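Undergrad: Any chance you could fold what I've pasted below:
(one chain, ligands or ions: 2)
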Amino acid sequence: MADAPSSEHPLQGSCLCGGVRFEVTAPFRWANHCHCSRCRKHSGAFGETQGRVPRDGFRLLQGEELIRVYRPDDGRVKAFCSVCGSSLFGNEWPEGDEIGIRLGALDGDPGIRPQFHTFVASRAPWDELPDDGLPRYDEGAT
Ligand SMILES: [Zn+2]
Ligand SMILES: [Zn+2]
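TA: Ligands and ions are numbered 1, 2, ... in the order given. I've put the predicted structure just below:
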């Protein structure tokens, strides 16, 4: 596993079309796999895998005007590129003291690995949880 990102060694990230670019300059605080129905619909896959960094460890380099935000009635925001559809950010984007970043949007090793699974009680029928030894929560972890 790579060292955690820092201001000396920033980690780059981008959407599929490359219109949105950002960098991470602080270590991720935590990371998880979310299997909830909202993340599943948004991604078209099992759900989403995200990590959280402090706001001052995140910098949007370009493409702010391309980012659209969808706020489900009962869940965290989903921020995505309006050109290519890439899922990019969550949590309270663009507010909040932590940025939730989809790990799939990163261009390198985040220096952290997902630590638990959330919302496993509402996972898809075809979603076979991996035997990875990580804690599983029926709903959110907190
Ligand atoms: Zn894009
Ligand atoms: Zn979710």
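Undergrad: Burial check on residue 42, number of neighbours?
TA: 20 (other C-beta atoms under 10 Å). C-beta here means a position set from N, CA and C on the backbone, and glycine is covered the same way.
Undergrad: Report the buried residues of the host helix or strand of residue 61.
TA: Assigned by DSSP states H and E, residue 61 falls within strand 58-62. For strand 58-62, burial by neighbour count (16 or more other C-beta atoms under 10 Å) applies to 58, 60.
Undergrad: can you list contacts of it?
TA: 10, 19, 20, 21, 22, 23, 24, 25, 26, 99, 101 (C-beta atoms under 8 Å, 6 or more residues apart in numbering).
Undergrad: for the following helix or strand past that strand, the distance to its chain's centre please.
TA: Sequence order places strand 67-70 as the next helix or strand after strand 58-62, per DSSP H and E. Relative to its chain's centre, strand 67-70 lies at 14 Å (C-alpha atoms, centre = their mean, to the nearest Å).
Undergrad: what packs against strand 67-70?
TA: Applying 3 or more C-beta pairs under 8 Å, 6 or more residues apart in numbering; DSSP states H and E, we find strand 67-70 packed against strand 78-81.
Undergrad: coming back round to it: list only those of the contacts of strand 58-62 flagged as buried.
TA: Members of the contacts of strand 58-62 classed as buried by 16+ other C-beta under 10 Å are 10, 19, 20, 21, 22, 23, 24, 25, 26, 99, 101.
Undergrad: Contact distance from ligand 2 - what residues of this structure qualify?
TA: Within reach of ligand 2 by C-beta under 5 Å from the ion, the chain has these residues: 34, 36, 39.
Undergrad: From these, which land in strands?
TA: Those of the residues of the chain next to ligand 2 mapping onto strands are residue 34, per DSSP state E.
Undergrad: will you turn the buried ones among the contacts of strand 58-62 into TSV that also has secondary structure?
TA: Formatted as TSV, the buried ones among the contacts of strand 58-62 follow (DSSP: H, G, I helix; E, B strand; the rest coil):
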residue	secondary structure
10	coil
19	coil
20	coil
21	strand
22	strand
23	strand
24	strand
25	coil
26	coil
99	strand
101	strand
